[in-house]
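S.K.: structure for this input, please:
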Amino acid sequence: MINRKKCIAMLLAGGQGSRLAPLTNDTAKPVVPFGARYRIIDFPLANCVNSGIDTVGVLTQYQPLELNDYLGIGSPWDLDLRYGGLHVLPPYQAAKGSDWFKGTANAIYQNIRFIKQYNPEYVLILSGDHIYKMDYSIMLEEHIKNKADCTLAVIDVPLEDASRFGIMFTDKDGRVTEFEEKPKHPKSTQASMGVYIFSTDALIRYLEEDEADPDSQNDFGHNIIPKMLADNCRLFTYLFTGYWRDVGTLNSYWASNMDALGDMPTLWLNDPDWRIYYRHSFNHPQYMGEHADVTHSICGDGNEIDGKIEKSVIFNNIIVEEGAEIKDSIIISGCTIKKGAKIEYAILDGGVTVEEGAVIGGPAEGGTLAVIGRDVHIGKGAVVKPGESVTEDREGV
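M.R.: Sure thing, here's the model as predicted:
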């Protein structure tokens with residue numbers, strides 16, 4: 001008899017991420033590059049592996065091709081197992097018809113058979129678009145100790161940001177007494193991280209009840225959690241005090257990348273005790289020319305750098321020619337920055353070419369991000385002003 005899994009993970013990775021456009025115009029948000037060599041989805045996957053969870057269902061939907069190709073059979077995360085491992089779970093045609101995932105709860109409901117296949121005691125439900133390092137096994141211990149039906153990871157946020165999140169109210173023992181989804185006037189600062197642990201029987205019961213309700217939005221925050229709370233289920237919070245950021249906007253994405261810079265970064269990507277696993281690109285070694293001047297930056301592999309780079313995140317296979325200057329920026333793989341070009345407080349998606357003397361963006365202090373879409377050509381001497389989002393070639397002068 002095959003052993004029962006104690007806990008499996010269901011990772012929601014189907015979001016469109018429209019607020020990250022143009023980075024998400026042609027790809028799913030969880031596979032957007034991050035931190036010079038990773039993808040956003042590497043962080044929850046690494047958390048699972050480092051927490052001892054070896055069965056992960058990844059639920060995909062929007063623009064899944066690049067995500068599916070990146071995940072493969074899970075080898076980079078040691079999830080290429082005969083029993084368990086990584087499984088990509090797209091929407092599918094069923095006997096009663098087919099449908100896109102209608103909400104987070106419906107996405108899990110459509111994959112109840114996958115859950116039952118492993119007969120786990122507990123199910124961990126995650127979002128694939130947050131940057132953080134978290135040991136889920138500690139949260140699971142709290143869930144078991146409290147004999148909880150559901151445990152929700154929360155983080156303390158500033159009151160002015162609380163209306164962007166699901167907000168929890170708890171008693172002195174951490175049991176949830178009230179929940180509000182994105183309240184206009186929040187009364188608490190305990191914000192849901194979108195990380196849940198359910199006891200499996202409770203999860204399946206409430207998913208099936210929710211699916212049978214024609215008026216439901218089929219969403220955990222709007223429907224499942226409030227219904228469980230109304231039924232007096234045992235809901236508890238788990239307060240997470242480490243680094244966590246929702247990279248749902250271009251500004252938060254830029255800021256989180258910048259958090260990885262410096263001598264004492266708030267986001268430490270090189271922690272030997274908590275490795276972030278990723279699919280290697282197998283590029284040639286990086287080359288630094290005699291005019292290269294790189295400070296407070298992180299760079300990937302395969303680059304040829306002969307210009308000046310300051311406080312920036314540089315991905316793979318990027319050429320920065322002599323006299324080019326990059327500051328406070330994110331340059332994604334395959335870009336070419338030619339002589340005399342200046343880039344400041346900007347994000348360049350992959351494959352962008354910036355010709356000689358072109359200027360993109362402006363000072364970060366008090367400024368707005370300039371963003372260049374994938375494979376765009378910025379002509380010689382062209383100017384892209386702060387705050388512009390460019391998705392078509394810009395002619396030179």
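
S.K.: model confidence score at Pro120, please.
M.R.: Listed pLDDT for Pro120 reads 96.

S.K.: now the helices: where do they sit in this structure?
M.R.: 42-50, 65-71, 104-109, 112-118, 136-145, 200-211, 225-230, 250-258 (DSSP state H).

S.K.: show me the contacts for the closest residue in space to Asp259 that isn't next to it in sequence.
M.R.: Take Asp259 and drop its neighbours on the chain: the residue closest to it by C-beta to C-beta, 6 or more residues apart in numbering is Leu267, 4.1 Å away. (C-beta placed from N, C-alpha, C; glycine too.) Shown in contact with Leu267 (C-beta atoms under 8 Å, 6 or more residues apart in numbering): 35, 131, 243, 245, 256, 259-260.

S.K.: next, work out how far apart Leu267 and Arg245 are.
M.R.: For Leu267, the distance to Arg245 (C-beta to C-beta, to the nearest Å) stands at 8 Å.

S.K.: who touches both of those two?
M.R.: 131, 256, 259.

S.K.: wait, the first one sits on Phe43?
M.R.: Yes. At 5.4 Å, Ile131 and Phe43 qualify as touching, with contact defined as C-beta atoms under 8 Å.

S.K.: these two: which has the busier surroundings?
M.R.: Ranked by neighbour count (other C-beta atoms under 10 Å), Ile131 and Phe43 place Phe43 first, with 29 against 24.

S.K.: shared neighbours of Ile131 and Phe43, anything?
M.R.: Contacts common to Ile131 and Phe43, judged by C-beta under 8 Å, 6+ apart, are Phe34.

S.K.: wait, what's in contact with the residue nearest to the spatial centre of the chain?
M.R.: In the chain, the C-alpha nearest the mean C-alpha coordinate belongs to Asp129, at 2.2 Å (C-alpha atoms, centre = their mean). Counting by C-beta under 8 Å, 6+ apart, Asp129 touches 13, 15, 17, 29-30, 40-41, 246-248.

S.K.: quick check: the closest residue in space to it that isn't next to it in sequence vs Glu142, distance?
M.R.: Closest residue to Asp129 apart from its sequence neighbours, by C-beta to C-beta, 6+ apart: Lys29 at 4.9 Å. Per C-beta to C-beta, Lys29 is found 29 Å from Glu142.

S.K.: determine the longest strand present in the protein.
M.R.: For the chain, the longest strand by residue count, based on DSSP state E, is strand 190-199.

S.K.: weakest of the helices of the chain by average pLDDT?
M.R.: It's helix 65-71: among those, that one has the lowest mean pLDDT, namely a mean of 86.

S.K.: buried residues in the helix or strand of the chain at the bottom of the mean pLDDT ranking, which are they?
M.R.: Within the chain, no helix or strand scores below helix 65-71, which has a mean of 86 by mean pLDDT, DSSP states H and E. Using 16 or more other C-beta atoms under 10 Å as the test for burial, helix 65-71 gives 67, 70-71.

S.K.: ok, of these, which one's closest to Ser216?
M.R.: Comparing the buried residues of helix 65-71 against Ser216 with C-beta to C-beta places Leu67 closest, at 27.4 Å.

S.K.: got a list of what the closest one touches?
M.R.: Leu67 touches 13, 27-28, 30-31, 41, 58, 60, counting by C-beta under 8 Å, 6+ apart.

S.K.: distance to His296 for the contacts of Leu267 - can I get that in JSON lines?
M.R.: Shown next, in JSON lines, are those (distance: C-beta to C-beta, whole Å):
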{"residue": "Gly35", "distance to His296": "15"}
{"residue": "Ile131", "distance to His296": "19"}
{"residue": "Tyr243", "distance to His296": "19"}
{"residue": "Arg245", "distance to His296": "19"}
{"residue": "Ser256", "distance to His296": "16"}
{"residue": "Asp259", "distance to His296": "12"}
{"residue": "Ala260", "distance to His296": "11"}
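
S.K.: can you tell me which of these is nearest Lys182?
M.R.: Arg245 (17.7 Å).

S.K.: list the contacts of the closest one.
M.R.: 130-132, 252, 255-256, 259, 267.

S.K.: identify, from the residues you listed, the entry nearest to Gly221.
M.R.: His130 (14.6 Å).

S.K.: ok, the closest one touching Pro44?
M.R.: Yes. Assessed by C-beta under 8 Å, His130 is found in contact with Pro44 at 7.0 Å.

S.K.: coming back round to it: for Ile276, find the nearest of the helices of the chain.
M.R.: So among the helices of the chain, helix 42-50 is nearest, using C-beta to C-beta, at 4.7 Å.

S.K.: Asp306 - nearest residue in space that isn't next to it in sequence?
M.R.: Going by C-beta to C-beta, 6+ apart, Asp306 has Gly289 as its nearest residue, at 3.2 Å.

S.K.: surely that neighbour and Gly323 touch.
M.R.: No. With contact defined as C-beta under 8 Å, Gly289 does not reach Gly323; the gap is 11.2 Å.

S.K.: the two: which is more packed in?
M.R.: Higher neighbour count among Gly289 and Gly323: Gly323, with 17 against 12, using other C-beta under 10 Å.

S.K.: before we move on, the earlier item: more neighbours, His130 and Pro44?
M.R.: When neighbours are counted by other C-beta under 10 Å, His130 and Pro44 differ, and Pro44 comes out ahead with 28 against 22.

S.K.: excluding chain neighbours, give the residue nearest to the more buried one in space.
M.R.: Closest to Pro44 by C-beta to C-beta, 6+ apart is Leu126, at 4.9 Å.
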